[in-house]
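pasting a predicted model and its sequence here:
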Amino acid sequence: MKIAVCVKQVPDTEARLRVAGDGRWVDEENLPFVINESDEYALEEALQIAERTVGEVVVLSIGPARVREALRKCLALGAHRAMHLSDEAFAGGDAMATGRALAAAIAREGFDLVLTGSQSDDVGSGSTGSIVAGHLGWPHAWLVMGVELEEGNSSAKVTREMESGMNEVLRIQLPAVLEIQAGLNHPRYASLKGIMQAKKKEMAEVSAADLGLDGAAIGASGATVEILSVAFPESGEGARIIEGDASSAAQELVDRLQKEARVL
Amino acid sequence: MSAKVWIVVQHREGHLHRMSREAIAGGQQLASLLGGTAEAVVLGHGVGPVAEELGGYDLAAVHVADAEALADYTPGGYVGVLAAALKDHAPTHVVLAHSYQNIEYMARLAQAVGGSLLPEATGFETDEEGVVWRRPVLGGKLQARVRAVGPAPLLVSFQSGVFGGSDAATGNAPRVELDASAAAPDREILGVEEVAGEHVDLSAAEIVVAVGRGIGDGDKLKIIEALAESLGAEIGASRPVIDNGWLPRDRQIGSSGQTIAPKLYIAIGISGAIQHLVGMKGASTVVAVNKDAEAPIFGVADYGIVGDLHEIVPALTEAIREAKAAAG
Ligand SMILES: Cc1cc2nc3c(=O)[nH]c(=O)nc-3n(C[C@H](O)[C@H](O)[C@H](O)COP(=O)(O)OP(=O)(O)OC[C@H]3O[C@@H](n4cnc5c(N)ncnc54)[C@H](O)[C@@H]3O)c2cc1C
């Protein structure tokens, strides 16, 4: 099977965030970036399916030059080729604009299956894969916790996470877009050999013009929502922060839990 | 143009989903802020009782699409019917609860009708230029103010707990039939199953010690076990701890896991993402240990210690043992 995997590079969840000077997003200078968590699971699932079906895995990402590092990592993990949708015209897109661009790149090549993560750890719309599916006219499923290809790879048994510890099992015709939820497999680590091989693998640069996309429909011009500002939330009352070294803070906490909160 | 707010509800076994009642309250408030009307939409097969329940709210209409092809929810069934209906009736806003089912199809519906998309709103207000929405970004570490700048309709989902379901205004709404012929189911439902696990029921525990990704590695869990033992507590976890295989799935707390309301909840190395918070917000007393003073968990905690959990947790275990020994 020929599988496309859409990945996004996002700020490391461990990173200390600062609001940028214009107040509209975080300051990206010196900010460490990683592959979005659920996208790592999507890539692993694609690699496993490709291993079973003697297939090809192509990773796609939209973003500035830094996303090449994320794509390179995907190649080191075993993806066969990468496509970097690299164009100023893609910048500032929301899920609607980004989904349109990714769908155009996928349609141009032709794939049997598209995997994405379920939700990005930065903007978190949980929507991009569904929008890609809409443009392609393919069925899709969100929060996928299991994929089992059926007879002739024309359909798949898909497990979809529901609220409160239940899963729904469904059958979906392929080609389809499956939006993978974190936790369905155990993503592999890159081997030294993989890292060496990645350097020789193809990383294509794709512009909006290559995809025949109208600049008004993509990036900030094609976005349907715009972030005006971001700020650290006001914590309201917030927690009473107990100061001091570990042992005195621990003792004060136990004291307060006994005498103030009366829960011990 | 005055606003026409459609609220598409979710239901199960003849009852409205809890979050859909909240969405009705949110949709009504949006309509009144914009000086427009609010109408509900329900899709399904044999949805008479749900339509009747909706009829008891203060809504201009209850649109009902009742067809066999809608008996099970499928994205193709819902998007087919709703895309046709949005074109016919031209609402300005489509409001939904931010539930897994709704998230799955709302983006596709926005794409199908060429509308605008704003998932996970946590509030709204107006300024000189129109409506400003709020929604969390970066795992709730930051709040964004967002404006819809694309074509109508705007599809917006409200995060759980933003509005109170009991705040939805009651009234008398007329039922209107909606054409369901465009339903095109795109999946076959094979069944529903419980997530495998040992089935630990954390909801019975008075004290829960919950561990997050901040623990760093599964082999560091011993300090958490010792703390839980000193308190006679159960151990719970945030999702990444489970995803990494450090604890079994039935220990997960949150929107995909268990919902608990213990007397005491101690969150260790957990940032406080909304999907985790919805599982533990009923706890009476919340303690957070986190090295990041800006972690959102401190916004919902009663007590906090900022620092390295690998130092604080053993010290806490020690202090609890001493206090218990002193109490005899
Ligand atoms: C549809 C969907 C459903 C989800 N369902 C759930 C769910 O049911 N339950 C759930 O929990 N999540 C769920 N999630 C995931 C959720 O969005 C968050 O990603 C998750 O809760 C984060 O877990 P965490 O706080 O442990 O990790 P992180 O957000 O990575 O936070 C780790 C924290 O540990 C702190 N830390 C690190 N090292 C130390 C140290 N040495 N000492 C002290 N503190 C330290 C850091 O400062 C940080 O705050 C879901 C997500 C989606 C999209």
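Here it is on my side, so go on. Numbering: from 1, shown residues only, chains lettered A, B, ... in the order given.

list the contacts for residue 31?
This is for chain A. Listed by C-beta atoms under 8 Å, 6 or more residues apart in numbering or on different chains, the contact set of A:Leu31 reads A:Pro11, A:Asp12, A:Ala15, A:Leu17. Glycine gets a C-beta too; all of them are placed from N, C-alpha and C.

not quite, go with chain B.
Counting by C-beta under 8 Å, 6+ apart, B:Ala31 makes contact with B:Ala3, B:Lys4, B:Val5, B:Thr37, B:Ala38.

picking that back up, list buried residues within the contacts of A:Leu31.
Those of the contacts of A:Leu31 that meet the buried threshold are A:Pro11, A:Ala15, A:Leu17, by 16 or more other C-beta atoms under 10 Å in any protein chain shown.

check the residues you listed against A:Gly124 and report the nearest one.
A:Gly124 lies nearest to A:Pro11 out of the buried ones among the contacts of A:Leu31, by C-beta to C-beta, at 12.1 Å.

helix/strand/coil for the nearest residue to that closest one once chain neighbours are set aside?
Distances taken as C-beta to C-beta, 6 or more residues apart in numbering or on different chains put A:Leu31 closest to A:Pro11, at 5.3 Å, once the chain neighbours are dropped. Recorded secondary structure, A:Leu31: coil (DSSP: H, G, I helix; E, B strand; the rest coil).

following the strand ranked longest in chain A, which helix or strand comes up?
In chain A, with assignment by DSSP state E, the single longest strand is strand A:140-149. Later in the chain than strand A:140-149, the nearest helix or strand by DSSP states H and E is strand A:155-161.

and the ligand, is that following strand touching that?
No - using C-beta under 6 Å from any ligand atom, strand A:155-161 stays clear of the ligand, with a minimum separation of 7.0 Å.

residues making contact with that strand?
Under the contact criterion C-beta under 8 Å, 6+ apart, strand A:155-161 has outside partners A:141-150, A:167-174, A:176, A:178, A:181, A:184, B:100, B:104, B:187, B:190, B:256.

ok and that strand relative to strand A:140-149, angle-wise?
With axes from the mean of the first three to the mean of the last three C-alpha atoms, to 10 degrees as the basis, strand A:155-161 and strand A:140-149 are set at 120 degrees to each other.

how many other residues sit next to the closest residue in space to A:Gln48 that isn't next to it in sequence?
Distances taken as C-beta to C-beta, 6+ apart place A:Asn185 nearest to A:Gln48, at 6.8 Å, with adjacent residues excluded. Neighbour count for A:Asn185, taken as other C-beta atoms under 10 Å in any protein chain shown: 19.

for the stretch 101-250 of chain B, what lies in contact range of the ligand?
Counting by C-beta under 6 Å from any ligand atom, the stretch 101-250 of chain B sits next to the ligand at B:Gly139, B:Gly212, B:Arg213, B:Gly214, B:Ser238, B:Arg239, B:Pro240.

let me see the contact set for the residue nearest to the fifth one when sequence neighbours are not counted.
Read that as B:Ser238. Spatially, and ignoring its direct neighbours in sequence, B:Ser238 is nearest to B:Gly212 (4.2 Å; C-beta to C-beta, 6+ apart). By C-beta under 8 Å, 6+ apart, the contact set of B:Gly212 is B:Ala237, B:Ser238, B:Pro240, B:Val241, B:Ala267, B:Ile268, B:Gly269, B:Ile270, B:Ser271, B:His276.

cool, and A:Phe111?
Here A:Phe111 is in contact with A:Lys2, A:Ile3, A:Ala4, A:Val58, A:Pro175 (C-beta under 8 Å, 6+ apart).

kindly report the same for B:Leu118.
Contacts for B:Leu118 (C-beta under 8 Å, 6+ apart) come out as A:Thr224, A:Val225, B:Trp133, B:Arg135, B:Val146, B:Ala148, B:Leu154, B:Leu155, B:Val156, B:Ser157.

likewise for B:Val200?
B:Glu234, B:Pro248, B:Asp250, B:Arg251.

switch to 10 Å and redo it
B:Glu234, B:Ile235, B:Gly236, B:Pro248, B:Asp250, B:Arg251, B:Gln258 (C-beta atoms under 10 Å, 6 or more residues apart in numbering or on different chains).

sorry, back to before: looking at the contacts of B:Ala31, which is nearest A:Val67?
Closest approach to A:Val67 among the contacts of B:Ala31 (C-beta to C-beta): B:Val5, at 38.2 Å.

what's the first helix or strand after the host helix or strand of the closest one?
If you go by DSSP H and E, B:Val5 is part of strand B:4-8. As assigned by DSSP H and E, the chain's next helix or strand after strand B:4-8 is strand B:11-12.

hmm, the following helix or strand past that following strand in reach of chain A?
Once strand B:11-12 ends, the next helix or strand along the chain (criterion: DSSP H and E) is strand B:15-16. No - Strand B:15-16 lies out of reach of chain A by C-beta under 10 Å from any C-beta of the partner chain, never closer than 14.9 Å.

just checking: what are the partner strands of strand B:15-16?
According to DSSP bridges, strand B:15-16 forms sheet pairs with strand B:11-12 (antiparallel).

and the contacts of the strand it pairs with?
Strand B:11-12 is contacted by residues B:17, B:20, B:42-44, B:47, B:49-51, B:53-54, B:73, B:101 when judged by C-beta under 10 Å, 6+ apart.

for stretch B:11-21, which positions count as buried?
Using 16+ other C-beta under 10 Å as the burial criterion, the residues of stretch B:11-21 that qualify are B:His11, B:Leu16, B:His17, B:Met19, B:Ser20, B:Arg21.

got phi/psi on whichever residue of chain B sits closest to chain A?
Residue nearest to chain A within chain B: B:Gly150 (2.8 Å; C-beta to the nearest C-beta). Dihedral pair for B:Gly150: phi -100, psi -170, per degrees, to the nearest 10.

list the contacts for the residue nearest to it when sequence neighbours are not counted?
Leaving out its chain neighbours, the residue that sits closest to B:Gly150 by C-beta to C-beta, 6+ apart is A:Thr224, at 2.8 Å. Residues in contact with A:Thr224 (C-beta under 10 Å, 6+ apart) are A:93-97, B:110, B:114-118, B:148-151, B:154-155.
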